[in-house]
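Engineer: Everything below, folded, please.
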Amino acid sequence: MGKTLFGPAGNSESFFEAGNKSSLEAPAWVRKNGLDCYEFQCGHGVRISEDGARTLGENARAESVLLSVHAPYYISLSSVEEEKRDRSIDYILKTLKAAKDMGADRIVVHSGSCGKITRKEALDLAKDTLYRSLEAAEKEGYGDIYICPETMGKVNQLGTVEEVIALCRMSDRLIPTVDFGHVNAQTRGGLKEKADFAAVLDALGNKLNAYQATEFHAHYSRIEYTNAGEKKHHTFGETQYEPEFEPLAELLAERGLSPRIICESAGTQTEDSVELQKIYQGKLG
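Structural biologist: Purely as a prediction, here's the structure:
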């Protein structure tokens, strides 16, 4: 039976309130809070130096904390402009280098948007960009790091569960990032019952290999949404927003799955990761 792992995306307000100054101190903080993993954020660009990345990696290994890296938000695998897609490959390679330097084994990548083209056209463009990214990564010596396309939160973005599965079926070196808050926002409240979450896990299990389906990457936070999808991330305590974690925790425990659940709450991601972990442990029985 696998074990689900928990950790924060970036640094919570409490991390800095406790006197920590830099992400290099994050692994010790994560371990002190009884958590297992940490997602380093490069959303606004890959700005960590090689030395910084190596130190972060050493600190993480000393604390037995697993690392992942979130690639820049402006990556668009499905842009109709070839130049933008080429630049996206470059950003993916920069993120992979940082991941390699710190010993992270996976990077999270946004899938892109549909804009004025059909979802099928967007998916075909994204497949081509990802295929070229994998080829370039292999050539640069980053073939041992997983690229994890993410489910997206806005209705007009590429990245439904099915679309991410279609991308991941291209290669064993791709694993899905299932952002349950995004899935709920994109489907305007589609994750309510245990059966709704089960349908997502079943889709992974039926269409992907065992590793992709059991050790997938995941994000969780409560997300406010409108008819257009995702609007804003909230904290776990703001219970007027969805999705609930309880039904998912139950399924992960029952099925013995071992994803990494990275909490993306707004400012309280450490505390909320601890809370999610407690809920999950309560389901192990």
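
Engineer: From now on I want contacts and neighbour counts done on CA atoms only, so please keep to that.
Structural biologist: OK.

Engineer: Could you list the low-confidence segments of the protein?
Structural biologist: In the prediction, the chain carries no residues with pLDDT under 70.

Engineer: now the helices: where do they sit in it?
Structural biologist: For the chain, the helices defined by DSSP state H occupy 13-17, 26-32, 50-62, 82-102, 119-140, 161-168, 180-186, 194-207, 210-214, 246-255, 269-283.

Engineer: Out of those helices, the one nearest R222 is which?
Structural biologist: Across those, R222 has its closest neighbour in helix 180-186 (5.8 Å, CA to CA).

Engineer: for the closest one, packing partners?
Structural biologist: Helix 180-186 sits against strand 217-220, strand 222-226, strand 229-234, with contacts defined as 3 or more CA pairs under 8 Å, 6 or more residues apart in numbering; DSSP states H and E.

Engineer: before we move on, the earlier item: so which of the helices of the chain is the most packed in?
Structural biologist: Ranked by mean neighbour count, these are led by helix 180-186 with a mean of 28 (mean count of other CA atoms under 10 Å).

Engineer: In CSV, list the C-alpha atoms belonging to that helix.
Structural biologist: What follows is helix 180-186, C-alpha atoms only, in CSV (Å, rounded to 0.1, in the frame of the first residue of the first chain):
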residue,chain,number,x,y,z
PHE,A,180,-8.3,19.4,-7.7
GLY,A,181,-9.2,23.0,-7.0
HIS,A,182,-8.7,23.7,-10.7
VAL,A,183,-10.7,20.7,-11.8
ASN,A,184,-13.6,21.9,-9.5
ALA,A,185,-13.3,25.5,-10.8
GLN,A,186,-13.2,24.5,-14.5
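
Engineer: And for that helix, what's in contact with it?
Structural biologist: Helix 180-186 has contacts (CA atoms under 8 Å, 6 or more residues apart in numbering) with 151-155, 160-161, 190-191, 218-226, 228-230, 242-243.

Engineer: Just the buried residues from the residues you listed, in ChimeraX please.
Structural biologist: Of the contacts of helix 180-186, the buried ones can be selected in ChimeraX as follows, counting by 16 or more other CA atoms under 10 Å:
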select :151,152,153,154,155,160,161,191,218,219,220,221,222,223,224,225,229,230,242,243
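
Engineer: Could you measure from T268 over to H233?
Structural biologist: 11 Å (CA to CA, to the nearest Å).

Engineer: What of N206?
Structural biologist: Taken as CA to CA, the span from N206 to H233 is 30 Å.

Engineer: Good, wrapping up.
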